[in-house]
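Q: structure of the sequence below:
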Amino acid sequence: MPASSSSPLIESTSPNQSSVRSESQAGLPESAPLEPNCPKPNRLKLAYDIVMIIAISIDLLLISTDAILMSTFSSDTASWLGLSNQLYWYQNHVHDSLRSAGGFFTLFLIAELLLRWAIAIKDNIYYRWFFFPFVHWYEVLGCFPQLRALRLFRAVIIGRRLYQLGYQVLPQPWINRINFYIDLVLEELSDRVILTTIQTFRQQLTDPERQKSFIESTIARNRDEIETAILSLLRKELAPKLQALTESTGGGAILASEMGNAIQEGLANTTELHRYLRMIPIAGSLIESQLQHVGHNIGENVVYALNERLLDAERIDALMVAIATGIAQVDTNNPALDHLIASIIDDGLTEFEAQIKVQQWKHQDLLNL
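A: The predicted structure is shown next:
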């Protein structure tokens, strides 16, 4: 919405304009931020803008009528209707006077605009003195004869001031419909911009060198975050399973039992031991059986003892930190890693693109499909 215009005596700004007081008025140190001073709309400004919009509308109506009557189409139509004399009289007696009046009115608008600019500078309405023509761009352009229609933007400001003063200018359904179409246009424009950006980024990733540079820089910037995430994952998933090996049930019992069975089987398959024990009469077989049983128990006890010493909480945490640090410092010059990260990025862009393509305005109640 264009910024508001005001009377030559009083300058106003719309809510999206930042008006400030001068530092001397505010009494603040130079480093302190300036406080905005937004003048409230009043009926005097509203009355002046209404008078101006009526005058501008009459001026535009006269200019449009004059342009039509001075056209070849009007001459042909007047000849066909037998009104050539009247049209000739208008073109020779009224046209020049009307054109001169339009020129004087344009000079009046330029003078009024310059006067309001001077008042804005004097009262420090804007942060900088040169902000005024940019805020009131439609009035500046409206000073050119070919762009006179831009002067009618003041009607929008009048409607806004009436709304701020508590007057219902348009029915609420109309306002809802206008807001709906504004949101529709903004959504479609922003979607096109985002989709174009995504497509450009995809094309950049097709270049191997650019893709490799992007992956390397991304990993280099986020090595600490990668290490933290991996460490958190290891502590949550791997550490409890390693600590479970110290227990007498579950994975620890299986490992200890398998170690005992391996030692027992090793003793049984040692032919020299078997031959020497068989040389002992009567007790040789019993000693061999007991030795294998003792070997089985020794294997289990060794596993439990190693688990208790090597898999305590502090050693496991130190091991997890070392693993996470090593993974975070991984060499990015790896084709498999590049392919994995590129695939993840592409999948993320695809999902993001699919979400952007969803036209949210179609789900609103204002559109009856």
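Q: which residues are contacting stretch 97-117?
A: 5-6, 8, 11, 55-56, 59, 62-63, 66, 132-133, 136, 139-140, 142-143, 145, 148, 151 (C-beta atoms under 8 Å, 6 or more residues apart in numbering). C-beta: built from backbone N, CA, C; applies to glycine.
Q: where does the stretch 1-150 of the chain have low pLDDT?
A: In the prediction, the stretch 1-150 of the chain carries residues with pLDDT under 70 at positions 1-42.
Q: quick revisit: mind listing which of the contacts of stretch 97-117 are in helices?
A: Using DSSP state H, the members of these that fall within helices are 55-56, 59, 62-63, 66, 132-133, 139-140, 142.
Q: okay if I get those residues as a markdown table plus neighbour count and distance to residue 297?
A: Converted to a markdown table, the ones in helices among the contacts of stretch 97-117 look like this (neighbours: other C-beta atoms under 10 Å; distance: C-beta to C-beta, whole Å):
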| residue | neighbour count | distance to residue 297 |
| --- | --- | --- |
| 55 | 14 | 110 |
| 56 | 20 | 106 |
| 59 | 18 | 110 |
| 62 | 15 | 114 |
| 63 | 18 | 111 |
| 66 | 17 | 116 |
| 132 | 25 | 96 |
| 133 | 12 | 96 |
| 139 | 22 | 99 |
| 140 | 17 | 98 |
| 142 | 23 | 101 |
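Q: pull the most distant pair out of those residues.
A: Using C-beta to C-beta, the two most remote members of these are 66 and 132, lying 31.6 Å apart.
Q: what strand or helix carries residue 161?
A: Here residue 161 sits within helix 154-164, counting by DSSP states H and E.
Q: was I right to think residue 60 contacts residue 150?
A: No - under the criterion of C-beta atoms under 8 Å, residue 60 lies out of contact with residue 150, with a separation of 10.4 Å.
Q: any idea how far the residue located most distally from the centre of the chain lies from residue 287?
A: Taking C-alpha atoms, centre = their mean, the residue of the chain most remote from its mean C-alpha position is residue 281, at 89.5 Å. Computed as C-beta to C-beta, to the nearest Å, the residue 281 to residue 287 distance reads 11 Å.
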